[in-house]
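Chemist: My questions concern the predicted model and sequence given below.
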Amino acid sequence: MAGVDINKIKQGAKRVNVESDKSSALSILDKDIQLFTTGLNDKIKESFYAELALLFNAGVDISAALDLIANEQEKEKDKQLFLSIKKAVVAGDNLSNALYKTKMFTDYEYYSLKIGEETGKLPQVLNELALYFSKKIEQKRQLVSALSYPAIVFAASFGAIFFMLKFVVPMFSDVFKRFKGELPYFTQLIVKLSDSFSNYALYVLLGLFVTILGLYFSRKNEWFRKYSAVLLLRLPIVNTMITKIYLARFCQSMNLLIGAKVPLISAIDLIKKMIDFYPIETSLDEVKKDVMKGEALHVSLSQFPIYNKRMVSLVKVAEEVNQMDSMFAKLAKQYADEVEHQTSVLGSLIEPIMIVF
């Protein structure tokens, strides 16, 4: 331990992440979609995975590495979290199980680490998880930057409308009633809207709050996952981006498992647990049955619209030449690049659209 300089190791973090960004065969997705986030802060996760990978590569054992990371935490609760992970590892648990038991890490992280442990590629997986969270943080910053001005404009406009309908229009309404004249149609409409707003605004807000709360607690139910996926896949622009996000995850996971010589049936089973997206999860049940009957993978995938024709054709070629792992790696990179481009385009479009709206 005396020969390990944590500050020197940290200096190599950016270099390691950049090198792994383009060349690693384990590039674990660039994006993630979550309506409600729980667990550890993304910035802490990024730092945790990057430092753990660097310490492993420097020859530091896992117990000492976790101890170093725990001592760096500014918040006591974060320090205790990593110390509890260390305690579980020292007691004989592997890293993936120790993290999963804290309930502060996602299923995707758990299964990715589990694969890394079983295939002997844990440092690479750790690097890619660090890269994934780094990109996720950057995307959030870009989104906040793009939405901040339109959000202020929208909030100010809503406040002005609320003030007008709640206070100003009722005053003029009393004045108009004294005239006892016939008001223009649009003026009558605004007066009626003001009356309705005053009478029902509280109920509308309460109903909206209850609906959001109900959806939050139902988010893990099958019906919610099914219909939310259907809704997302029907939204213009967003649907193609979401599809490519999960296809990139599917292809990368297939590349990782097949490259590690995991049997295809077992790989499909594991990927089903890793990918939290209803259309792909349900399709993999049928794909597994077809493969067990002797059906080619590309034939089974072609039955489901979530897998596009280009992907199915390339999988067919990969099966014929017995190069499925490398083909899935190329597909994963292509989808990830396309998603990154679409995200940047969407970010540049959000601000003018919000302002116009």
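Modeler: Good, I have the coordinates.

Chemist: give the contact list for the spatially closest residue to residue 296 that is not a sequence neighbour.
Modeler: Spatial nearest neighbour of residue 296, chain neighbours left out: residue 319 (5.9 Å); criterion: Cβ to Cβ, 6 or more residues apart in numbering. Any C-beta I mention is one placed from the backbone N, CA and C, and that applies to glycine too. By Cβ atoms under 8 Å, 6 or more residues apart in numbering, residue 319 lies in contact with 296-298.

Chemist: lowest average confidence, helix or strand, in this protein?
Modeler: Using mean pLDDT, DSSP states H and E, helix 13-23 stands out as the lowest-scoring helix or strand of the chain, at a mean of 41.

Chemist: Would you confirm that residue 150 contacts residue 157?
Modeler: No - taking contacts as Cβ atoms under 8 Å, residue 150 lies outside contact range of residue 157: 10.3 Å.

Chemist: Could you check which of those two has the larger neighbour count?
Modeler: Shown here are residue 150 and residue 157; by other Cβ atoms under 10 Å, residue 150 has more neighbours (17 against 11).

Chemist: Check which helix or strand the more buried one maps to.
Modeler: Using DSSP states H and E, residue 150 falls within helix 122-163.

Chemist: what's the answer for residue 69, then?
Modeler: Here residue 69 is assigned to helix 62-72, by DSSP H and E.

Chemist: Relative to residue 84, how far out is residue 93?
Modeler: Distance of residue 93 to residue 84, computed by Cβ to Cβ, to the nearest Å: 11 Å.

Chemist: Now render the contacts of residue 319 as CSV, adding pLDDT and neighbour count.
Modeler: CSV is the format used below for the contacts of residue 319 (pLDDT from 0 to 100; neighbours: other Cβ atoms under 10 Å):
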residue, pLDDT, neighbour count
296, 92, 14
297, 93, 19
298, 92, 19
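
Chemist: closest to residue 88 among those residues?
Modeler: Comparing the contacts of residue 319 against residue 88 with Cβ to Cβ places residue 297 closest, at 37.3 Å.

Chemist: Against residue 224, how distant is that closest one?
Modeler: Counting by Cβ to Cβ, the gap from residue 297 to residue 224 is 30 Å.

Chemist: what does residue 134 give?
Modeler: Taken as Cβ to Cβ, the span from residue 134 to residue 224 is 30 Å.

Chemist: ok, now residue 341?
Modeler: Residue 341 sits 31 Å away from residue 224, going by Cβ to Cβ.

Chemist: more neighbours, those two?
Modeler: Shown here are residue 341 and residue 224; by other Cβ under 10 Å, residue 224 has more neighbours (16 against 11).

Chemist: what residues are up against the more buried one?
Modeler: By Cβ under 8 Å, 6+ apart, the neighbours of residue 224 are 215, 218.

Chemist: And for residue 314?
Modeler: 327, 330-331.

Chemist: which element is it on?
Modeler: For residue 314, the host element (DSSP H and E) is helix 309-321.

Chemist: And residue 207, by the same measure?
Modeler: For residue 207, the host element (DSSP H and E) is helix 185-217.
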